[in-house]
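Undergrad: Requesting a structural model of the entry that follows:
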Amino acid sequence: MFRSWRKLASKLERGEISKEEYDRWRYKYPELDKAGRWAKVPSQALSDALIEELKKG
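TA: Numbers count the residues shown, from 1 in each chain. Next up, the predicted model:
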């Protein structure tokens, strides 16, 4: 997260992006973050069910 923010802040400082582009990214993070990889975590109930099934065999 910090790396993505620093990368965009550097682009803003160098004039590669506008303040509006930076703010749009900042307010919609992580939706607009192209650098990071995001994964959804299963619910605890689903996780427990999967573990139980794996224990069975």
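
Undergrad: could you list every residue that touches K11?
TA: By C-beta atoms under 8 Å, 6 or more residues apart in numbering, the contact list for K11 reads 17, 22. For every residue, glycine as well, the C-beta is placed using N, CA and C.

Undergrad: That one: helix or strand, and which one exactly?
TA: helix 2-14 (DSSP states H and E).

Undergrad: Could you export that helix as CSV, CA atoms only?
TA: The C-alpha coordinates for helix 2-14 follow below in CSV (Å, rounded to 0.1, in the frame of the first residue of the first chain):
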residue,chain,number,x,y,z
PHE,A,2,2.7,2.4,1.0
ARG,A,3,4.7,1.6,-2.2
SER,A,4,1.7,2.4,-4.4
TRP,A,5,1.0,5.7,-2.6
ARG,A,6,4.7,6.7,-2.9
LYS,A,7,4.8,5.9,-6.6
LEU,A,8,1.7,8.1,-7.3
ALA,A,9,3.0,10.9,-5.0
SER,A,10,6.3,10.9,-6.9
LYS,A,11,4.5,11.2,-10.2
LEU,A,12,2.6,14.1,-8.8
GLU,A,13,5.8,15.8,-7.6
ARG,A,14,7.4,15.3,-11.1
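
Undergrad: mind starting the numbering at 4 from now?
TA: All right, first residue 4 from here; so that's helix 5-17.

Undergrad: So what's the gap between it and the chain middle?
TA: With C-alpha atoms, centre = their mean, to the nearest Å as the basis, the distance from the averaged C-alpha position of helix 5-17 to the chain average is 15 Å.

Undergrad: Enumerate the positions of it that are buried.
TA: When neighbours are counted by 16 or more other C-beta atoms under 10 Å, the buried residues of helix 5-17 are found to be 7, 11, 15.

Undergrad: Just the closest of the residues you listed to S50, please.
TA: Closest approach between those and S50, by C-beta to C-beta: S7, at 27.5 Å.

Undergrad: gap between the two ends of stretch 14-28?
TA: Distance across stretch 14-28, first residue to last, is 12 Å (C-alpha to C-alpha, to the nearest Å).

Undergrad: wait, stretch 26-45
TA: Using C-alpha to C-alpha, the end-to-end distance of stretch 26-45 comes out at 31 Å.
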